[in-house]
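Participant: sequence-free structure coming up:
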């Protein structure tokens, strides 16, 4: 049924090995039928992943085809691409999102038309840019904001490292990497954003504590301060321009994610309000001066779904944290985050990046939704031509690990993990050492993963693994955070190999099912199938058909509705020699 692919990187090596085996078999008569797998120098206590396949199978995309190539699906970046921010130099668009404690940090996407996006790398791709030691999954990098300064033709990305403070990096060319961090200790709070005015002056606007301190839970403020572009330091007073939100008497919570724009001579301040759950919304203020005073629009919010019927079909919820961009044709568009829960209950995809057009009220305020309008899942982009390969809809990817670097979608946790994995040990394989770290610790485990991007999907890998005992395990891991995971792994030793599905909780590891395998089997195919509500785990040896190990595993366990945090779920390959302790009975 299955066979290993023959990578270019080791064809010659396999050929030489075959010749050696051939002559050896001529002399001994014992190895003339040796399989190719026997020629590869696999090591014990290291898992060798031959490939990783992921296929999205959401019903919506199967049942709702796009009318023509000027339409696109929402979200444009499915999976937990949260807190989007966008900028343009007039020709190119660049978009970034949050990564929290995953490494590398802040994926950056490029487009020429807002419809066709391609990830070109990460903004924070060096350890000196991204200190994450000891931070939980849901800490790390919050709400990056990308801006283009036309006065010095430089791009800036400013963000919060939640345990370290606020900083920015810059570049003249986003395709060629970013500077080391410049820390801004004067800027307290979170969610900083640059604004570059027509006169060459620059400002940082961000969420911070209100004057006199918070009066209730979630009471925050928006402050602004001038930034000296030449010295790269803050200057002048830090001024509070919004206290609490649109209407302080209503005790609004978590005013954050601010952006300032200058449009037709007026200054607009756009912020998120209400927290990032179902009460999330986007609000707008206007001023004739960059330093205020800013007056809220009397028809706020300009984007929300919080008041809609929770039983509506195919709900989109939690909409907010937006950023505006203008195209060459003068039309305005907004990127923002939102969620796609199943039955308005839960999702494992996290907060995703959506795109929709901006309308303008006759009083001069922008908005995305009014009254009971819903966020559309299919949108037309006039004048665009959708590419054959897109970031949205149902798609399938196969990573065969033949390149010298991991595909850009793949991430590790808190560090680069390069001492734990290799793409060079055996060309065509991702070699993952059994690390003396597990995924409940605030360290860097041997876990290489990508985001879940569909409710319904299939993910599979082929792994060669020879453990040296029950303390070692390798396979597929589904991870929401340190205390919400499912592990689908091989373990045991040569005489008693096992395959298991385990649930990892805050209290320890629970075995959901386990099966003894035939002695001598070292090569296995592992598959996870999701119907949105539940996971199914299947396996096969190199000579057998697929067998189901466990069905009906609750997908809700990995959701934000069941846990806490700002990410969605990741899936990937994992190896450890320090398994999470078993739950005490």
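Facilitator: Cool, the structure landed. Small disclaimer: the values here were computed from a predicted structure and weren't measured.

Participant: Output the contacting helices and strands for the lengthiest strand in the chain.
Facilitator: Assignment by DSSP state E gives strand 469-481 as the longest strand of the chain. Contacts of strand 469-481 with other secondary structure elements, assessed using 3 or more CB pairs under 8 Å, 6 or more residues apart in numbering; DSSP states H and E, are made with strand 446-451, strand 456-465, strand 484-492, strand 498-505, strand 523-531, strand 570-576. Glycine gets a C-beta too; all of them are placed from N, C-alpha and C.

Participant: so what strands line up beside the fourth one?
Facilitator: Each strand paired with strand 498-505, and its direction, by DSSP bridges: strand 484-492 (antiparallel), strand 508-516 (antiparallel).

Participant: contacting residues for the residue nearest to residue 443 when sequence neighbours are not counted?
Facilitator: Counting by CB to CB, 6 or more residues apart in numbering, residue 443 lies nearest to residue 437, which is 4.7 Å off, once chain neighbours are set aside. Taking CB atoms under 8 Å, 6 or more residues apart in numbering, we find residue 437 in contact with 443-446, 576, 578.

Participant: that older thread, tell me the most buried of the strands paired with strand 498-505?
Facilitator: Ranked by mean neighbour count under mean count of other CB atoms under 10 Å, these are led by strand 484-492, which reaches a mean of 25.

Participant: Would you mind getting the angle between that strand and strand 446-451?
Facilitator: In this structure, strand 484-492 runs at an angle of 130 degrees to strand 446-451, with axes from the mean of the first three to the mean of the last three CA atoms, to 10 degrees as the basis.

Participant: Now do strand 484-492: everything it contacts.
Facilitator: For strand 484-492, contacts defined as CB under 8 Å, 6+ apart pick out 439, 463, 465, 467, 469-470, 472-479, 497-505, 509, 517, 524, 526, 528, 535, 537, 549, 553, 557-558, 562-563, 574, 579.

Participant: Over to stretch 223-235?
Facilitator: Stretch 223-235 is touched from outside by 149, 151-152, 182, 184, 186-187, 189, 194, 200-206, 208, 236-241, 260, 290-292, with contacts defined as CB under 8 Å, 6+ apart.

Participant: Equivalent analysis for stretch 237-247, please.
Facilitator: Stretch 237-247 is touched from outside by 186-187, 205, 208, 210-211, 219-225, 251-253, 255, 258, 269, 271, 273, 283, 285, 291-294, 296, 300-301, with contacts defined as CB under 8 Å, 6+ apart.

Participant: Just the buried ones from those residues?
Facilitator: Neighbour-count burial within those applies to 187, 205, 208, 210, 219-225, 252-253, 255, 258, 269, 271, 273, 283, 285, 292, 294, 296, 300-301; the criterion is 16 or more other CB atoms under 10 Å.

Participant: can you tell me which of those are in strands?
Facilitator: The subset of the buried ones among the contacts of stretch 237-247 that ends up in strands is 205, 208, 221-225, 258, 269, 271, 273, 283, 285, 296, with DSSP E as the criterion.

Participant: and the closest residue to residue 441 other than its chain neighbours, how many residues sit next to it?
Facilitator: Once flanking residues are discounted, residue 441 sits nearest to residue 482: 7.7 Å by CB to CB, 6+ apart. As a burial measure, residue 482 scores 21 neighbours (other CB atoms under 10 Å).

Participant: how close does residue 482 sit to residue 79?
Facilitator: Distance check for residue 482 against residue 79: by CB to CB, to the nearest Å, it reads 20 Å.

Participant: Residue 61: what secondary structure?
Facilitator: Secondary structure of residue 61, reduced to three states by DSSP: H, G, I helix; E, B strand; the rest coil: helix.

Participant: OK, contacts around the nearest residue to it once chain neighbours are set aside?
Facilitator: In space, residue 61 comes closest to residue 394 once its chain neighbours are excluded; the distance is 4.3 Å by CB to CB, 6+ apart. When contacts are counted by CB under 8 Å, 6+ apart, residue 394 touches 55-58, 61-62, 454.
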